[in-house]
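Engineer: Using only what follows, build the 3D model:
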Amino acid sequence: MDRGRQVAAIFDLDRTLTRRDTYLAFLFSTLQRRPTRFISSMRLPIAVLAHWAHVRDNTWLKERFLAAILGGATSEQIDSWSDAFVARVLHSGLRNQARKVIESHRQVGHRLIMATASFDFYVEKLAEQLGFDAVISTRPVWDSQGRISGKLESANCYGAAKVERLIAHFGAARADWHIVAYTDDYSDLPMLEWADYAVTVNPTARLRAIARDRQYEIQDWEDFHLGA
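Structural biologist: Numbering: from 1, shown residues only. Model prediction:
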C-alpha cells in the first residue's frame with residue numbers, strides 16, 4: 001500500500017458479508033407479514049424468466065419484486081420490518097469471518113464503506129450496527145403519502161452502476177485513497193478493476209477463475225481461518 005494515502009475498504013453485502021441474498025430474504029420475511037401479496041407475486045417467475053432471457057434488465061426486475069411485495073408499505077412498516085430483519089442477519093446471517101475482517105480494518109483506521117445493490121432501508125441499519133462509515137445502496141421511490149411506490153430512485157446499484165456511485169462518492173479525492181474491494185460475485189468485476197487491491201470472498205466459480213488468472217486474493221470466510 002502507498003503509505004501516503006488513506007485506505008478505504010469497500011465491502012459488497014450479499015454473499016460477501018452474508019451467507020445469503022438479503023433482498024430475497026427480506027422479501028420472503030415480508031410476505032409472511034403480508035400474505036395477500038402472494039397474489040400479486042404470482043407473476044414474478046415470469047419476470048425472472050424475462051430477465052434471464054435478457055429481455056429486461058436487473059433494474060426492471062428489482063422494481064417488479066419491489067412493487068409486488070413491498071408496494072404500498074408505509075415508512076413505519078418498512079422501518080419496523082427492517083429492525084427485525086437486521087437483528088436476524090446479525091444473529092445468524094453473517095459469514096464466520098465477516099466481523100473479524102471488518103474489525104481488522106477499523107482497528108488500523110481504515111474507512112469502511114458498504115456498497116450494495118440491496119435497499120437502503122435495511123442496509124443502513126445493518127451497516128450502522130457493523131460500524132461502517134458510509135453506505136452506497138439502491139434507493140426506492142416513496143410516494144407523496146410516504147409509501148413504497150415500486151420504483152427505484154435511480155439505477156440499481158449493481159455492476160458498472162455501483163462503480164459510478166463510488167466514483168461520485170470519492171469525487172476528485174479518489175487519488176488520495178488506496179481502495180481495497182471485497183466481493184463474491186462476477187457482477188462486481190468493474191469494482192474490483194477500479195479498486196487498487198481486489199479480494200474475492202468465497203467467490204462464484206466464474207469469479208474464482210478470473211481471480212486466479214489476475215492474481216486477485218481469494219479468501220474463505222466460512223472456514224475458521226483466512227487463506228488464499
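
Engineer: only C-alpha atoms for contact and neighbour calcs from this point on.
Structural biologist: Noted.

Engineer: counting contacts, what elements does the longest helix belonging to the chain pack onto?
Structural biologist: Taking DSSP state H as the criterion, the chain has its longest helix at helix 75-88. Helix 75-88 sits against helix 22-33, helix 120-130, with contacts defined as 3 or more CA pairs under 8 Å, 6 or more residues apart in numbering; DSSP states H and E.

Engineer: where exactly do the helices run in this protein?
Structural biologist: Counting by DSSP H, the helices of the chain are 22-33, 37-40, 44-52, 58-65, 75-88, 98-107, 120-130, 160-170, 189-194, 205-214.

Engineer: Distance from the helix or strand of the chain with the lowest mean pLDDT to the middle of the chain?
Structural biologist: Every helix and strand in the chain was compared by mean pLDDT, DSSP states H and E; the lowest is helix 37-40, with a mean of 83. Distance, stretch centre to chain centre, for helix 37-40: 26 Å (CA atoms, centre = their mean, to the nearest Å).

Engineer: List the buried residues of it.
Structural biologist: Within helix 37-40, the residues that count as buried by 16 or more other CA atoms under 10 Å are Arg37.

Engineer: which residues sit against that helix?
Structural biologist: Outside helix 37-40, the residues that touch it by CA atoms under 8 Å, 6 or more residues apart in numbering are Leu31, Ala68, Ile69.

Engineer: now with 6 Å?
Structural biologist: Residues from elsewhere that reach helix 37-40 (CA atoms under 6 Å, 6 or more residues apart in numbering): Ala68, Ile69.

Engineer: same question, stretch 146-160
Structural biologist: Contacts of stretch 146-160 (CA under 6 Å, 6+ apart): 59, 63, 66-67, 71-74, 117, 137-143, 187-188, 190.

Engineer: Restricted to buried residues, select these in ChimeraX.
Structural biologist: Entered in ChimeraX, the line below selects the buried ones among the contacts of stretch 146-160, by 16+ other CA under 10 Å:
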select :59,63,66,67,71,72,73,74,117,137,138,139,140,142,188,190
